[in-house]
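Trainee: below is the structure, and that's it, no one-letter string:
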């Protein structure tokens, strides 16, 4: 069985709208691309509550309440930080679901955190965040960022459908 096709932003918004849910984004390496993709769709204001672009570690701490010790211990590109970003987006908004993205879009990276490594988390109010790591590889900054948007849309759709 093949994986379901990546939903379009309009399809994600339709699922949220049908279920009466609002969403928030917490983005680092994508710099707001998920929020932009969603808000390109007319009527998205009925679903998109807000988006956080937290590119720096300070922004993650100040805007989303990510504990600076998590960043110091695990690094910004890590499962604990992605989870904390998603949970922080919910805490800082009235949204029902939040998606977070933090990664190494490239060029560069390290052996432990290579180019193309991206952590995602999705949180639904009242439940702990679920995290996922994707290794896109050194496919170029634009491709890593576009691939990350696609994964975020899939996670948002799944979270909305799960409730």
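Mentor: It's in. In this text the structure is predicted, and so the values were computed from the model without any measurement.
Trainee: helix, strand, or coil at the residue nearest the centre of the chain?
Mentor: With distances taken as Cα atoms, centre = their mean, the chain has residue 100 as the residue nearest its mean C-alpha position (2.6 Å). Following DSSP: H, G, I helix; E, B strand; the rest coil, we place residue 100 in the strand state.
Trainee: go ahead and confirm it touches residue 27.
Mentor: Yes. If you go by Cβ atoms under 8 Å, residue 100 and residue 27 touch, sitting 7.4 Å apart. In this view, the C-beta of every residue, glycine as well, is placed from N, C-alpha and C.
Trainee: show me where pLDDT drops low in this protein?
Mentor: Scanning the chain for pLDDT under 70 picks out the ranges 1-4.
Trainee: list the beta-bridge partners for the residue nearest to the centre of the chain.
Mentor: Residue 100 has these beta-bridge partners by DSSP bridges: residue 26, residue 121.
Trainee: got a list of what it touches?
Mentor: Residues in contact with residue 100, defined by Cβ atoms under 8 Å, 6 or more residues apart in numbering, are 25-28, 82-83, 85-86, 89, 120-123, 129.
Trainee: export those to a markdown table and tack on neighbour count?
Mentor: Formatted as a markdown table, those follow (neighbours: other Cβ atoms under 10 Å):
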| residue | neighbour count |
| --- | --- |
| 25 | 31 |
| 26 | 33 |
| 27 | 26 |
| 28 | 27 |
| 82 | 31 |
| 83 | 22 |
| 85 | 32 |
| 86 | 30 |
| 89 | 30 |
| 120 | 25 |
| 121 | 26 |
| 122 | 26 |
| 123 | 29 |
| 129 | 23 |
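Trainee: now the closest residue to residue 40 other than its chain neighbours. Its backbone dihedrals?
Mentor: Leaving aside its sequence neighbours, residue 40 sits nearest to residue 9 (Cβ to Cβ, 6 or more residues apart in numbering; 6.6 Å). With angles defined as degrees, to the nearest 10, residue 9 sits at phi -50, psi -40.
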